[in-house]
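Q: Would you be able to build a 3D model of this:
(chains A, B and C)
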Amino acid sequence: MPRRVIAHCDIDAFYASVELLRHPELKGKPLVVAHSGPRSVVTTASYEARTFGIDSAMPAARARALCPDAIFIEPDHKAYREKSTEVWDLVRARVPVVQQVGIDEAYLDVTAFEKPLPVLRELVAEVHDRTGMFVSVGVGPSRLVAKTVSGSFKPRAFKALSREQACELFADRPTRLLQGVGPKTAERLAAFGAHTVGDLQRMDEELLIEHFGDNWGTYIKARAWFHDDSPVAAPGPAKSRSNETTFPADVDDHGQLEATLARLTEELCAQLQRKDVAGRNIAIKVRLDDWTTVTRARTIGERTNDPGVVLPVVLDLFRGYAPARPVRLLGVRLAAFEEPPARSRASQMALPV
DNA sequence: TCTGGGGTCCTAGGACCC
DNA sequence: TCTGGGGTCCTAGGACCC
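A: As a prediction, this is how the structure comes out:
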């Protein structure tokens, strides 16, 4: 793998920062962007709110308990999309290889620049001047190093680290720091005594492979040493689209559940029609009051985005499962957007010439 | 204080075909 | 009466990410 210079750019407290631009009088106050429902979670907390222990994905009710004086703002996704476009258009105007990840993050391959850091400095300054957003930047030989650096030094991070420096600097941090190690893997690793990145670095690879499988064992061991050769590449077209909703209170009336499935299906099909894609795989998702999650799927012969075709399948899948407990969440999903596979010889022969 | 919504990728097992 | 090996497609669940 030839030498690479990768940057990870992350807009600081993105949604909260957009709100502060529109409501400058709130500057310095703890700000929480979250929907108002009883089961909503925090989308973004300003850094003032984070000092109270509030963080993304936390139940909004808990955030309110932690900081009763925090100002809660309903998300305005249209405004965030527009601001996001402004920011990443400026980035793409200066850097040709950009992989956007979500609304507020991107990886940049800046290997081709003779002096990447000054280029990135100027970019951060320009983005702030023209959009009001602060971008944290981590730089390293891989996406993993860049991402870990930006995440560890934000807000307003600007730092470059070699792989060796990352191995040393993050050795005492929890394994969870590594992108790819989620709560479950961190828990399993802890059961082997691997609590920190350094512990994982020292762990016997054979033991990891034995317990985590060939792929995953090799992968997390490499991550602990910050080895990562994944390229910065624009993602391909979407492989699936879905629409789901959590009820404010659990629902056990099947009439109401089916009406919700009909609405979700209509909305999803309308979205697919706007994007001019159609799928052959139709799936439903049902989450019960005890948090068990069940999916049922069916692949049909022809691609479709017609609710008249999709809804009967959705309802059939739902009736086949017929949840016996109150339902918390319902979802509908379409996938398999690519051309159907070539027909088998048998079915070809069955067709008239 | 109970835990959103939109995605991706991986695994395991079964059906079916050659 | 017992029993191959490989490949593809599909379903269901789970982990993870933003």
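Q: mind listing what's buried in the helix or strand containing residue A:78?
A: Per DSSP states H and E, residue A:78 falls inside helix A:77-94. Judged by neighbour count (16 or more other C-beta atoms under 10 Å), helix A:77-94 contains these buried residues: A:80, A:83, A:84, A:87, A:88, A:90, A:91, A:94. Backbone N, C-alpha and C define where each C-beta goes, glycine included.
Q: isn't the third one right next to residue A:101, touching?
A: No. Residue A:84 is beyond contact range of residue A:101, at 11.7 Å (criterion: C-beta atoms under 8 Å).
Q: what does the stretch 201-350 of chain A put close to DNA strand B?
A: With the criterion set to C-beta under 7 Å from any atom of the strand, the stretch 201-350 of chain A comes near DNA strand B through A:213-216, A:235, A:238-246, A:291, A:328-329, A:331, A:335, A:344-346.
Q: Work out for me the element the nearest residue to residue A:212 once chain neighbours are set aside sits within.
A: In this structure, residue A:212 finds its nearest non-sequential neighbour in residue A:220, 6.8 Å apart by C-beta to C-beta, 6 or more residues apart in numbering. When elements are assigned from DSSP H and E, residue A:220 belongs to helix A:214-224.
Q: who's in contact with that helix?
A: A:144, A:175, A:178-181, A:185, A:189, A:197, A:200-201, A:203, A:205, A:208-212, A:228 (C-beta atoms under 8 Å, 6 or more residues apart in numbering).
Q: packing partners for the next helix or strand after it?
A: As assigned by DSSP H and E, the chain's next helix or strand after helix A:214-224 is strand A:240-251. Secondary-structure packing of strand A:240-251 (3 or more C-beta pairs under 8 Å, 6 or more residues apart in numbering; DSSP states H and E): helix A:254-275, strand A:279-288, strand A:327-335.
Q: Could you list the paired strands of strand A:240-251 along with their orientation?
A: Using DSSP bridges, strand A:240-251 pairs in its sheet with strand A:327-335 (antiparallel).
Q: any residue of the strand it pairs with up close to DNA strand C?
A: No. For strand A:327-335, no contact with DNA strand C is found by C-beta under 7 Å from any atom of the strand; the gap never falls below 8.2 Å.
Q: Name the residues that touch that strand?
A: Outside strand A:327-335, the residues touching it (C-beta under 8 Å, 6+ apart) are A:239-247, A:250-252, A:257, A:260-261, A:264-265, A:268, A:272, A:278-289, A:291, A:293, A:297, A:305, A:310, A:314.
Q: Would you mind giving the helices and strands packed on strand A:240-251 as TSV with mean neighbour count added?
A: Below are these laid out as TSV (neighbours: other C-beta atoms under 10 Å):
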stretch	mean neighbour count
helix A:254-275	16
strand A:279-288	21
strand A:327-335	22
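Q: Including mean pLDDT, could those go into JSON lines?
A: Below are those laid out as JSON lines (pLDDT from 0 to 100):
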{"stretch": "helix A:254-275", "mean pLDDT": "98"}
{"stretch": "strand A:279-288", "mean pLDDT": "98"}
{"stretch": "strand A:327-335", "mean pLDDT": "98"}
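Q: Which strands or helices does the helix or strand containing residue A:117 pack on?
A: Using DSSP H and E, residue A:117 maps to helix A:116-131. Judged by 3+ C-beta pairs under 8 Å, 6+ apart, the packing partners of helix A:116-131 are helix A:77-94, strand A:135-140, strand A:158-160.
Q: Please consider this matter closed, and thank you.
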